[in-house]
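Visitor: how does the following fold in three dimensions:
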Amino acid sequence: MEDQKKPTTPRTTVLKRRTAKISRWLHIYLSMISFTIVLFFSVTGLTLNHADYFQGQTRTRQQKGNLNSSWVSPTDTNRIGKLAIVEFFRNRFSVKGALSDFRIEDTQISVAFKGPGYEAAAFIDRKTGAFELTESSTGLIGFVNDLHKGRDTGKTWAWVIDISAILMTLISLSGLILLLFIKRKRLNGMLLLVIGTLLVYIVYHFWGQ
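Guide: The predicted model follows:
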């Protein structure tokens, strides 16, 4: 009695199954990994789009005092203690944000710090070392809105935004690929995709300008 050979599965069928399996794996686990960041950008998209309604209260604080006179030479700019001045404001007044500007003029020095939802500016008299420091904070709403825009957030957060965009792209594409493998829902799904795309175009074309 001859051995019966098992029917071989066509290569295209194997490829389709592998593609569907990989797409399903990517869609599920990338959705879980990026759940928090996708939710964050979704919510902050609303707060940005309705900034008047979600506008936070700006808080301002002003301080005055005197620096060590040896840090602010009135004649020699090379003797100005830039690091000492910056660390003074950070340690004494807990100034936050990154140093965005340090400008030396004939009679004064201006120092600026910026961060998400926060900014501080100090003006220093080069003769006496007297200074005026003003801090402004827009609260939690201003903070998260600036994170959404990547404003004054630094290079690390810029990478977070880029990675988030890549993850959302992969989630969308893997979901579309999965739909193509579901025969019963493929046609309706693609029809809804076309309708959604047309609606976006119509809204922008007729009411978005």
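
Visitor: what is the mean pLDDT for stretch 105-117?
Guide: In this model, stretch 105-117 has an average pLDDT of 94.

Visitor: how about that stretch: buried residues?
Guide: Buried residues in stretch 105-117, counted by 16 or more other Cβ atoms under 10 Å: 108-109, 111-117. (Glycine included, C-beta is placed from N, CA and C.)

Visitor: show me which of those residues is closest to residue 170.
Guide: For these, the residue nearest residue 170 by Cβ to Cβ is residue 116; the value is 26.6 Å.

Visitor: what about the closest one, distance to residue 52?
Guide: As for residue 116, its distance to residue 52 is 20 Å (criterion: Cβ to Cβ, to the nearest Å).

Visitor: which helix runs longest in the protein?
Guide: Across the chain, the longest stretch assigned as helix under DSSP state H is helix 154-180.

Visitor: which secondary structure elements does that helix sit against?
Guide: Applying 3 or more Cβ pairs under 8 Å, 6 or more residues apart in numbering; DSSP states H and E, one finds that helix 154-180 makes contact with helix 11-33, helix 35-49, helix 183-207.

Visitor: next, format these as JSON lines and append distance to residue 151 and mean neighbour count.
Guide: Formatted as JSON lines, those follow (distance: least, Cβ to Cβ, whole Å; neighbours: other Cβ atoms under 10 Å):
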{"stretch": "helix 11-33", "distance to residue 151": "25", "mean neighbour count": "13"}
{"stretch": "helix 35-49", "distance to residue 151": "11", "mean neighbour count": "13"}
{"stretch": "helix 183-207", "distance to residue 151": "25", "mean neighbour count": "10"}
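
Visitor: need these in CSV with distance to residue 131 and mean pLDDT, can you?
Guide: Rendered in CSV, the data for the helices and strands packed on helix 154-180 read as follows (distance: least, Cβ to Cβ, whole Å; pLDDT from 0 to 100):
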stretch, distance to residue 131, mean pLDDT
helix 11-33, 47, 83
helix 35-49, 35, 91
helix 183-207, 50, 87
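
Visitor: so which of those is nearest residue 127?
Guide: Counting by Cβ to Cβ, residue 127 lies closest to helix 35-49 out of these; the figure is 44.5 Å.

Visitor: helices or strands next to the closest one in the packing?
Guide: For helix 35-49, where contacts count as 3+ Cβ pairs under 8 Å, 6+ apart, the packed elements are helix 139-149, helix 154-180.

Visitor: show residues contacting that helix.
Guide: Taking Cβ atoms under 8 Å, 6 or more residues apart in numbering as the criterion, the residues outside helix 35-49 that touch it are 31, 54, 141, 144-145, 147-149, 160, 164, 167-168, 171.

Visitor: go on, stretch 133-152?
Guide: Under the criterion Cβ under 8 Å, 6+ apart, residues 40-41, 43-45, 47-48, 51, 54-65, 89, 93, 95, 97-98, 100, 114-122, 153, 157-158, 161 lie in contact with stretch 133-152.

Visitor: how about it as PDB, C-alpha atoms only?
Guide: Extracted in PDB, the C-alpha atoms of stretch 133-152 (Å, rounded to 0.1, in the frame of the first residue of the first chain):
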ATOM      1  CA  LEU A 133      13.400  88.200  37.900                       C
ATOM      2  CA  THR A 134      10.000  87.500  36.400                       C
ATOM      3  CA  GLU A 135       8.500  84.000  36.200                       C
ATOM      4  CA  SER A 136       5.400  83.000  34.300                       C
ATOM      5  CA  SER A 137       3.600  79.700  34.400                       C
ATOM      6  CA  THR A 138       0.500  78.700  32.500                       C
ATOM      7  CA  GLY A 139      -0.400  75.700  34.700                       C
ATOM      8  CA  LEU A 140      -1.100  72.100  33.800                       C
ATOM      9  CA  ILE A 141      -3.100  72.900  30.600                       C
ATOM     10  CA  GLY A 142      -0.300  75.100  29.300                       C
ATOM     11  CA  PHE A 143       2.200  72.500  30.200                       C
ATOM     12  CA  VAL A 144       0.500  69.600  28.400                       C
ATOM     13  CA  ASN A 145      -0.300  71.800  25.400                       C
ATOM     14  CA  ASP A 146       3.400  72.700  25.000                       C
ATOM     15  CA  LEU A 147       4.300  69.000  25.300                       C
ATOM     16  CA  HIS A 148       1.800  68.300  22.400                       C
ATOM     17  CA  LYS A 149       3.500  71.000  20.200                       C
ATOM     18  CA  GLY A 150       7.000  70.100  21.300                       C
ATOM     19  CA  ARG A 151       7.500  73.700  22.400                       C
ATOM     20  CA  ASP A 152      10.600  74.300  24.600                       C
END
